[in-house]
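Trainee: below: sequence and its predicted model.
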Number of protein chains: 2
Amino acid sequence: MNKAKVRIGIIGTGAIGGFYGALLARAGFDVHFLLRSEYAAVRDNGVQIDSAVHGTLKVYPAQAYAHVGQMPPCEWLLVGAKTTANAELAAVIAQAAAPGAKVVLLQNGLDVEEQLRPLLPEHLHLLGGLCFICVNRTAPGVVQHQALGAVNLGYHSGPAASGAVRQGITDEGAALFREAGIESQAMANLAQARWQKLVWNVPYNGLSVLLRASTTPLMADPNSRALIQALMADVVEGARACGHELPSGYAEHLFAITAQMPDYWPSMYHDFAQQRPLELAAIYAAPLARARAAGCSLPRIEALHQALAFLSA
Amino acid sequence: MNKAKVRIGIIGTGAIGGFYGALLARAGFDVHFLLRSEYAAVRDNGVQIDSAVHGTLKVYPAQAYAHVGQMPPCEWLLVGAKTTANAELAAVIAQAAAPGAKVVLLQNGLDVEEQLRPLLPEHLHLLGGLCFICVNRTAPGVVQHQALGAVNLGYHSGPAASGAVRQGITDEGAALFREAGIESQAMANLAQARWQKLVWNVPYNGLSVLLRASTTPLMADPNSRALIQALMADVVEGARACGHELPSGYAEHLFAITAQMPDYWPSMYHDFAQQRPLELAAIYAAPLARARAAGCSLPRIEALHQALAFLSA
């Protein structure tokens, strides 16, 4: 792989986009960052990752842009923006993409590709990426990385004519992350991968807001532990109703990992604390609607969603 | 009824005890207030009710006591203390009671009489009273009354030998409240009356703490409205599983009343804000245990209980 020739655009350089973009740039890929409010900071100081795993890592100068028209067309686009901004992002993505580019939504929740797909040109491949990582943005262009980092990729839709081509593209994406020292797997079934990620996001994101609590206190109290386990079991049940039998013991695995993680505030808590829109549609409403359509009622998740919707109103 | 000869003791002169004690005193009953931290204030200034319904009402001087040993033995005892204090109150109640006295627990939740009964002498009649009222204590000896006021009474246990005697005692209690201008009904089935009251307490008490919200915003948002209705329906289902078919339309009735009430912070919110113990055992754990024993799972209420238990820890 001639990494200098693989041009990667990062759309939405928050914690996720900044972290993966910086690691890919460090590995020698030709990485371009599209920014809004953080443009001046990144132009002046680059992108900095303070990582408990990789140490401090600085991309300077960074190839940073305030306007998509100034960016060169990219072969891969990693979208790390919030799902709440996807509709506005479609035109930006289309403009930043080279013909036949691969667009990877590094986002949580369900139906995010379904929402974006009709707004994108047909020549673009659309993939989803599920990030298992503890990061947050601490200042413009500065990302704190606490733990983990794996990205699992799945093909959603686009011009790939066969399963083999789709598989090839997904493998290529995973290889690209691995070249940058990031664990990455190609997932044959994106919808199932998205449900799997929800097993973490549904309990921890919502409860961090509702109970104003990070992972350590949530994992220390028997009541919140029981509630998390019940919510996880509900997600597994919803997935099953929608035809996705998650790997046996998967919820228990995520629960055990979280207990060992450094204390972490999920992204929804940061969104709430900073009065940004919460990703309720992708993480709660879409899975609830899918499960309901499959005849499966998930009253606990529904109650959590209603409580969060009240708080975010 | 020679009201001056009916001696009534008020145990726990908070909002509930203060309000009903003051109205009974105003009506001419011989009312005695047992107090702890508020004793000096009530001795010096009496009990004052600032009522949106009855105007300002002052009992001064009030027959107030700091020690139960100084109180005369009472024929009726109204217990307005929190359920969380019941175990410690048993000895006080026994000491304040005349032989064959009637003890009325003006408290919310389930199994409160069951918990107290074994700690009380056998000669005492034990009744439960469900108060539909918006009151709160604004200063020592001062109670703000916003709306409503009805008390429904039911016989729990004691020396009454027959249903007719039990009915007579319950009717006598209800008559006593009505003499003081308070709506009051004798309920044939106390357990059912307690479930009925839970239809209000389960959603509004818990959500006021979890969402830091009083009734007006809770009734204004479509998400919290839907959550309240779902929780109410769960209580109705739990009651049914335990053999109590609540009156048809009862939840809808309470929902409509609450929408018309002045903005109200339920008592659990005040307890939470002032870092007092929450009445989780009586309002959540006991009904959940009863329903579970009847084979009925109530995941939404269970989740709410777990969240509240986390917050109160």
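Mentor: Great, that's in hand.
Trainee: only C-alpha atoms for contact and neighbour calcs from this point on.
Mentor: Fine.
Trainee: now the strands for the stretch 101-250 of chain A?
Mentor: Along the stretch 101-250 of chain A, counting by DSSP state E, counting those that start in this stretch, strands occupy A:125-139, A:142-157, A:184-187.
Trainee: closest one to residue A:218 among those strands?
Mentor: Nearest of the strands of the stretch 101-250 of chain A to residue A:218, taken as C-alpha to C-alpha: strand A:125-139 at 15.8 Å.
Trainee: so for that closest one, mean pLDDT?
Mentor: Averaged over strand A:125-139, pLDDT sits at 95.
Trainee: with just CA atoms, put it into CSV.
Mentor: Extracted in CSV, the C-alpha atoms of strand A:125-139 (Å, rounded to 0.1, in the frame of the first residue of the first chain):
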residue,chain,number,x,y,z
HIS,A,125,-19.9,3.5,-1.4
LEU,A,126,-21.4,3.9,2.0
LEU,A,127,-20.0,2.0,5.0
GLY,A,128,-20.6,2.1,8.7
GLY,A,129,-17.9,2.0,11.3
LEU,A,130,-18.4,1.1,14.9
CYS,A,131,-15.8,2.6,17.2
PHE,A,132,-15.0,1.0,20.5
ILE,A,133,-13.1,3.8,22.1
CYS,A,134,-12.9,6.2,25.0
VAL,A,135,-12.1,9.7,23.7
ASN,A,136,-13.2,13.2,24.2
ARG,A,137,-12.4,16.6,22.8
THR,A,138,-10.8,18.7,25.5
ALA,A,139,-10.0,21.8,23.5
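Trainee: chain B is nearest to which of the strands of the stretch 101-250 of chain A?
Mentor: strand A:125-139 (23.5 Å; C-alpha to the nearest C-alpha).
Trainee: what packs against the closest one?
Mentor: With contacts defined as 3 or more C-alpha pairs under 8 Å, 6 or more residues apart in numbering or on different chains; DSSP states H and E, the packing partners of strand A:125-139 are helix A:15-26, strand A:97-105, helix A:112-116, strand A:142-157, helix A:190-210.
Trainee: would you list the strands of the stretch 101-250 of chain A in CSV and tack on mean neighbour count?
Mentor: Listed next are the strands of the stretch 101-250 of chain A as CSV, based on neighbours: other C-alpha atoms under 10 Å in any protein chain shown:
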stretch, mean neighbour count
strand A:125-139, 21
strand A:142-157, 22
strand A:184-187, 21
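Trainee: tell me which of those strands sits nearest to residue B:79.
Mentor: Judged by C-alpha to C-alpha, the one of these that comes nearest to residue B:79 is strand A:125-139, at 51.6 Å.
Trainee: mind listing the strands the closest one pairs with, and their directions?
Mentor: The strands that strand A:125-139 pairs with in its sheet are strand A:97-105 (parallel), strand A:142-157 (antiparallel) (by DSSP bridges).
Trainee: pLDDT of the last one, averaged?
Mentor: The reference is to strand A:142-157. When pLDDT is averaged over strand A:142-157, the result is 96.
Trainee: for that strand, C-alpha coordinates in CSV please.
Mentor: Written as CSV, here are the backbone C-alpha positions of strand A:142-157 (Å, rounded to 0.1, in the frame of the first residue of the first chain):
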residue,chain,number,x,y,z
VAL,A,142,-7.1,18.5,21.2
VAL,A,143,-8.4,15.0,21.9
GLN,A,144,-8.0,13.0,25.0
HIS,A,145,-7.8,9.3,24.4
GLN,A,146,-8.4,7.2,27.5
ALA,A,147,-8.6,3.6,26.3
LEU,A,148,-9.5,1.2,23.5
GLY,A,149,-9.8,2.2,19.8
ALA,A,150,-11.1,-0.7,17.6
VAL,A,151,-13.2,0.1,14.6
ASN,A,152,-15.4,-2.5,13.0
LEU,A,153,-16.5,-1.8,9.5
GLY,A,154,-19.5,-3.0,7.4
TYR,A,155,-20.6,-2.2,3.9
HIS,A,156,-24.0,-0.6,3.6
SER,A,157,-24.8,0.4,0.0
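Trainee: show me what the lowest-mean-pLDDT helix or strand in chain A is packed up against.
Mentor: Lowest on mean pLDDT, DSSP states H and E among the helices and strands of chain A sits helix A:86-96, with a mean of 93. Judged by 3+ C-alpha pairs under 8 Å, 6+ apart, the packing partners of helix A:86-96 are strand A:74-79, helix A:112-116.
Trainee: which parts of the shortest one are buried?
Mentor: It stands for helix A:112-116. Within helix A:112-116, the residues that count as buried by 16 or more other C-alpha atoms under 10 Å in any protein chain shown are A:112, A:113, A:116.
Trainee: below-threshold pLDDT in chain A: ranges please.
Mentor: Chain A contains no residues with pLDDT under 70.
Trainee: and residue A:10, that's in a helix?
Mentor: No - read with DSSP: H, G, I helix; E, B strand; the rest coil, residue A:10 is strand and lies in no helix.
Trainee: okay, and the beta partners of it?
Mentor: With DSSP bridges as the rule, residue A:10 is bridged to residue A:33, residue A:78.
Trainee: for residue A:187, list the residues it contacts.
Mentor: A:152, A:153, A:154, A:155, A:170, A:193 (C-alpha atoms under 8 Å, 6 or more residues apart in numbering or on different chains).
Trainee: distance of it from residue A:152?
Mentor: The gap separating residue A:187 from residue A:152 is 6 Å, by C-alpha to C-alpha, to the nearest Å.
Trainee: overlap in contacts, the two.
Mentor: residue A:193.
Trainee: gap between the residue nearest to residue A:7 when sequence neighbours are not counted and residue A:43?
Mentor: Nearest residue to residue A:7, sequence neighbours excluded (C-alpha to C-alpha, 6 or more residues apart in numbering or on different chains): residue A:30, at 4.7 Å. Using C-alpha to C-alpha, residue A:30 is found at 16 Å from residue A:43.
Trainee: ok, now residue A:160?
Mentor: Taking C-alpha to C-alpha, one finds residue A:160 at 36 Å from residue A:43.
Trainee: still on that earlier bit, residue A:265: which of the strands of the stretch 101-250 of chain A is closest?
Mentor: The closest of those to residue A:265 is strand A:125-139. By C-alpha to C-alpha, the value is 8.5 Å.
Trainee: quick check: angle from the closest one to helix A:15-26?
Mentor: Strand A:125-139 runs at 100 degrees relative to helix A:15-26, counting by axes from the mean of the first three to the mean of the last three C-alpha atoms, to 10 degrees.
Trainee: re the thing from before, take the strands of the stretch 101-250 of chain A and write them to JSON lines, including distance to residue A:230.
Mentor: As requested, those are exported to JSON lines (distance: least, C-alpha to C-alpha, whole Å):
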{"stretch": "strand A:125-139", "distance to residue A:230": "21"}
{"stretch": "strand A:142-157", "distance to residue A:230": "24"}
{"stretch": "strand A:184-187", "distance to residue A:230": "26"}
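Trainee: okay, now residue A:230: neighbour count?
Mentor: Each residue near residue A:230 was counted by other C-alpha atoms under 10 Å in any protein chain shown, and the total is 18.
Trainee: contact partners for the residue in the stretch 1-150 of chain A positioned nearest to chain B?
Mentor: Closest residue of the stretch 1-150 of chain A to chain B, C-alpha to the nearest C-alpha: residue A:84 (19.0 Å). Contacts here follow C-alpha under 8 Å, 6+ apart; on that basis residue A:84 touches A:277, A:278, A:279, A:281.
Trainee: likewise for residue A:26?
Mentor: Counting by C-alpha under 8 Å, 6+ apart, residue A:26 makes contact with A:59, A:180.
Trainee: tell me how far residue A:240 lies from chain B.
Mentor: According to C-alpha to the nearest C-alpha, to the nearest Å, residue A:240 stands 19 Å off from chain B.
Trainee: so residue A:309 touches residue B:223, yeah?
Mentor: Yes - counting by C-alpha atoms under 8 Å, residue A:309 touches residue B:223, with 6.4 Å between them.
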